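In: Output the structure for:
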Amino acid sequence: MQSPEVGAALAKPLGDANFVFMRNPGVAYCGRDIEQMVFNGIQIEATAKQMLAAATAGLPWEAPKPEETDQRYRQRSSYGSDSMWG
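Out: Below is the predicted model of the structure:
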C-alpha cells in the first residue's frame, strides 16, 4: 500500500473477503497467513483465466445467484488451505 490511508480505504470494501478487485491495479488479496494468501492469489488467477476463456468463447453466460456462490464458498472454505497444500 502506498499509505495507511490507501490501506484503510481498501480495507472497507474488502471486509471479511479474501480479495477485492480494483479498477487500475487489478486485485488485492490476503489470507490468515502467507500460505493461504498465496493459495488465494493462485486461485484468483486461475479463475480469472477461466472466465476470460469463457468470455471469449462467445457462449451465453450469466452470473451465479448469491445463494449458489455462498454455498460454493462454504464448501471450499471447509477444506482450508492446509489440506490444499498437502
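
In: For the rest of this, base every contact and every neighbour count on C-alpha atoms.
Out: Noted.

In: quick check: longest helix of the protein.
Out: In the chain, taking DSSP state H as the definition, the longest helix is helix 34-56.

In: hmm, who's touching that one?
Out: Under the contact criterion CA atoms under 8 Å, 6 or more residues apart in numbering, helix 34-56 has outside partners 18, 19, 29, 30, 31, 81.

In: Quick check: the fifth one vs residue 40, distance?
Out: Relative to residue 40, residue 31 is positioned 7 Å away (CA to CA, to the nearest Å).

In: okay, and the common contacts of these two?
Out: Contact criterion CA under 8 Å, 6+ apart; residues shared by residue 31 and residue 40: residue 18.

In: quick revisit: in a markdown table: the contacts of helix 34-56, plus secondary structure and distance to residue 46.
Out: Shown next, in a markdown table, are these (DSSP: H, G, I helix; E, B strand; the rest coil; distance: CA to CA, whole Å):
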| residue | secondary structure | distance to residue 46 |
| --- | --- | --- |
| 18 | coil | 15 |
| 19 | strand | 14 |
| 29 | strand | 14 |
| 30 | coil | 16 |
| 31 | coil | 17 |
| 81 | helix | 16 |
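
In: So among those, where is pLDDT lowest?
Out: Within the contacts of helix 34-56, the minimum per-residue pLDDT falls on residue 81 (47).

In: what comes up buried for stretch 30-43?
Out: When burial is assessed from 16 or more other CA atoms under 10 Å, stretch 30-43 yields the following buried residues: 30, 31, 36, 37, 39, 40, 41.

In: Residue 2: what secondary structure?
Out: Secondary structure of residue 2, reduced to three states by DSSP: H, G, I helix; E, B strand; the rest coil: coil.

In: Return the residues in contact with it.
Out: Residue 2 makes contact with no residue under the criterion CA under 8 Å, 6+ apart.

In: Can you classify residue 21 as helix, strand or coil?
Out: Reducing the assignment to helix, strand or coil with three-state DSSP, the entry for residue 21 is strand.
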